[in-house]
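**Q** Predicted structure and sequence below. I'll ask about it afterward.
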Amino acid sequence: MLKLIGNEWLKLRTTRGFVILLVIQLVLITAGAAGPLSNMPLDQAATAIGAVAHVGLTSLIALVLGIVAVAGEYRHKTITDTYLGSPRRGRVVAAKLTLTTLAGFGLGAAGAAVSLAVTYVWLTAAGHSMPWSDAELWRTAAGGAVWNAAFAAIGVGIGALVRNLAVAVAGSLAWLTLVEGVVGQLVGRDVTRYLPFSAGTAVGRLPASIADGLPQWGAAALLAGYAVLFAAAAIRFTTRRDVA
Amino acid sequence: MTSIDISVRGLSKHFGPVQAVRELSFDVPAGQVTGFLGPNGAGKTTTLRMMLGLIRPTAGQALICGRPYAELPDPRRTVGAVLEATGFHPGRRGRDHLRIAAHSAGLPTARVEEVLDEVGLSEAAGRTVGGYSLGMRQRLGLAAALLGDPQVLVLDEPANGLDPAGMAWLRELLRGRAASGRTVIVSSHVLSEVAQTADHVVILAGGRLTFDGPVDRLREHAGSLEDAFLRLTTDRHDPTAATR
């Protein structure tokens, strides 16, 4: 199993996709942090926390990373070679899940570090101090990284189930930006806070979710449950389907 | 008595109402080059993919060295396969593609340079595959198949994209492997490509076996190879055609 995970790591670092996603993510996080920092009062901890909360939002990029890890192999037909080398497909999917979750957490952790650094530099330059001792700041940063990891894992499941890269990416982004919102209008917050994106916002402590979202730990457990569900379906589906 | 490395028994595959392969049974002897012939859509690729565990047969089985592909303890050291020229990530270097394959099979990295040299790609190995010609991709696929120095070589339409010099080189390679007691099966829809290289021919038409025997016997069948091939692939219900 370790060999398979190592193989996925080799695949990840021999194309530029991961680095490109990382750069996009760090740019977004920096720009995202600049918003609250330039619009909100710098002497309040909520401003720094709002700046750091953008780490979680970039979990959309981690989701794409997860989808590409599987559906990208179908797109370029490298999946044939992958299964010729490792015919036990369930183990391949499990290895992808493990490595991509770690990579998603890595993306999130790098994002958290950059966003904390940007916020610190901005506040210090303006003559204010960073609220290092505020527990909410750390919950937000850590939650953002965990949200990234969970969405990377869910992405692997989606990629393995859908297999068509464009459909998987477009479909899941449409779900997150559109469907959850529309469903929310219909059935109300009592239901929607259990849906993946809403659960993510609770894990990442987005200001909007703190009032009526799930508690952070509960939401993290729910996201892990989604990831396991998708992965189980993906493994079952992948071992049965033909690779043509 | 020649030894048998690939044994196909009662193999069938239905895609919905389409019967792509129907009750196919044949053996591929070691120490020979076997041509796997048939017009486009005859079921050649489906059969090869079933041999390699990529497509699940509707009925029957294909054994390689006595086992289904998925149960081979060391698949890349037993079987090398080139299935299509497009199975590469365009943004990955040729050498990295082979490193991934070697790593997944537990083969030393030194093998990568050896096979690159063998297929004449050493100089291009540092470039990304997106810039490769079709012939170079065929060579890269072949390099991946040769990594494990396998007993069995399975090639699906390997001549596509190769220039005359490349063809001659490939013929030499296949003859050399057969001469050393290895098994080679090469599919093609063009008889003349295979006739000069193959000792043994298996012909499919409409998913059914229409001929299985030495090339010489095919010639006896209808005076010339072309006539025999044409007859065996168009008159698919001729009961005398299937000679076993």
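**A** That came through fine.

**Q** Would the longest helix anywhere in chain A count as contacting chain B?
**A** For chain A, the helix that runs over the most residues, judged by DSSP state H, is helix A:89-125. No: contact between helix A:89-125 and chain B is absent, the nearest approach being 8.7 Å (criterion: C-beta under 8 Å from any C-beta of the partner chain). Glycine gets a C-beta too; all of them are placed from N, C-alpha and C.

**Q** Mind checking what helix or strand follows that helix in sequence?
**A** Proceeding C-terminally, helix A:89-125 gives way to helix A:135-162 as the next helix or strand, assigned by DSSP states H and E.

**Q** Kindly tell me how buried residue 9 is, as a neighbour count.
**A** Since no chain was named, I'll use chain A. Counted by other C-beta atoms under 10 Å in any protein chain shown, the residues lying close to residue A:9 total 16.

**Q** Actually, chain B is the one I wanted.
**A** 15.

**Q** what packs against the strand or helix carrying it?
**A** Assigning secondary structure by DSSP H and E places residue B:9 in strand B:4-15. Contacts defined by 3 or more C-beta pairs under 8 Å, 6 or more residues apart in numbering or on different chains; DSSP states H and E place strand B:4-15 against strand B:18-29, helix B:44-51, strand B:59-64, strand B:183-188.

**Q** In the sheet, which strands lie alongside it, parallel or antiparallel?
**A** According to DSSP bridges, strand B:4-15 has the following sheet partners: strand B:18-29 (antiparallel), strand B:59-64 (antiparallel).

**Q** Quick one: low-confidence residue ranges for chain B.
**A** Within chain B, the stretches falling below the threshold (pLDDT under 70) are B:1-2, B:85-86, B:222-223, B:235-244.

**Q** show me the contacts for residue B:195.
**A** With contacts taken as C-beta atoms under 8 Å, 6 or more residues apart in numbering or on different chains, residue B:195 has the following neighbours: B:35, B:215, B:225.

**Q** Would you confirm that the last one contacts residue B:217?
**A** Translated: residue B:225. No: because the distance of 10.9 Å does not satisfy C-beta atoms under 8 Å, residue B:225 is recorded as not touching residue B:217.

**Q** Show me which of the two is the more surrounded one.
**A** Set side by side, residue B:225 and residue B:217 give different neighbour counts by other C-beta under 10 Å, the larger being at residue B:225 (18 against 14).

**Q** What does the more buried one show for phi and psi?
**A** Dihedral angles phi and psi of residue B:225 (degrees, to the nearest 10) take the values phi -60, psi -40.

**Q** Likewise for residue A:214?
**A** Its backbone dihedrals place residue A:214 at phi -70, psi 160, with angles given as degrees, to the nearest 10.

**Q** what do you get for residue A:134?
**A** The main-chain torsion angles of residue A:134 are listed as degrees, to the nearest 10 and equal phi -80, psi 120.

**Q** Identify the residues contacting it.
**A** Taking C-beta under 8 Å, 6+ apart, we find residue A:134 in contact with A:45, A:48, A:49.

**Q** Tell me the buried residues in the helix or strand containing the last one?
**A** I take that to be residue A:49. If you go by DSSP H and E, residue A:49 is part of helix A:45-52. Applying a neighbour-count criterion of 16 or more other C-beta atoms under 10 Å in any protein chain shown, one finds A:47, A:48, A:49, A:50, A:51, A:52 buried in helix A:45-52.

**Q** Then stretch B:139-153?
**A** When neighbours are counted by 16+ other C-beta under 10 Å, the buried residues of stretch B:139-153 are found to be B:139-148, B:150-153.

**Q** What is the nearest of the residues you listed to chain A?
**A** Distance from chain A was checked for each of the buried residues of stretch B:139-153 by C-beta to the nearest C-beta. The minimum falls on residue B:144, at 6.5 Å.

**Q** From the contact counts, what lies against the helix or strand of chain A with the lowest mean pLDDT?
**A** Of all the helices and strands that make up chain A, the one with the lowest confidence by mean pLDDT, DSSP states H and E is helix A:207-212; it has a mean of 79. In this structure, helix A:207-212 makes packing contacts with helix A:45-52, helix A:196-203, judged by 3+ C-beta pairs under 8 Å, 6+ apart.
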